[in-house]
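[1] output the structure for:
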Amino acid sequence: MKFASRLALLGFALSLGATSVTYAQPFQDTPPPAGNADVAPAQHAMPDPQKQTARLSRKLQLTPDQAAKIEPILQSRQQQMQQIRADASSSPHDQHQKMRALKQDTDSQIQAILTDSQRQQYQQIQQEAMQHRRDNKQGSPGAGAEDDGGNP
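    The predicted structure follows:
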């Protein structure tokens, strides 16, 4: 190979390398996408209690009085979940157990406010959310299409 050809090839390789660095640079500070499998489930932000209450109001046809009672329960749950996650002295297993107990307690409080018909619908919503979470963990094709965190 002639010297001129080698020089041209070297120049092309260097420009290609410089171009890839230039184009890759804007993405270095970009956070990973929301659906990134490397993100631990415990780091997932819970939906806003007001949005959860609005969603439940729509799906269960809550009365304004019921919604007014449920929203503080959801706000309290969110605050307690944040405290559990922030507790570095607890093991992940302990945190998971505390979160599960908190969720069960919250569900009981919400169900006490609902009518029998609404309670059945609420339980159905919970079952669908649980199935949705299972599907997401298994990597089903439609996973994550309308993920609202699976919370009421």
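
[2] all helices for the chain, in order.
    Remark: helices assigned in the chain by DSSP state H are 3-24, 49-60, 64-86, 92-113, 116-138.

[3] CSV please, covering those and showing mean pLDDT and mean neighbour count.
    No exception for glycine: its C-beta is placed from N, CA and C like everyone else's. CSV is the format used below for the helices of the chain (pLDDT from 0 to 100; neighbours: other C-beta atoms under 10 Å):
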stretch, mean pLDDT, mean neighbour count
helix 3-24, 51, 10
helix 49-60, 94, 17
helix 64-86, 95, 16
helix 92-113, 95, 14
helix 116-138, 91, 14
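
[4] what pLDDT does residue 47 get?
    As summarised for this prediction, residue 47 has a pLDDT of 79.

[5] which other residues reach stretch 94-109?
    Contacting residues not belonging to stretch 94-109 are listed as 42, 73-74, 76-77, 80-81, 84-85, 87, 90, 122, 126 [C-beta atoms under 8 Å, 6 or more residues apart in numbering].

[6] if you set the cut-off to 6 Å instead, what comes out?
    With contacts defined as C-beta atoms under 6 Å, 6 or more residues apart in numbering, stretch 94-109 is touched by 73, 77, 80, 84.

[7] now do stretch 75-91
    Against stretch 75-91 from outside (C-beta under 6 Å, 6+ apart): 46, 49, 95, 98-99, 102, 106.
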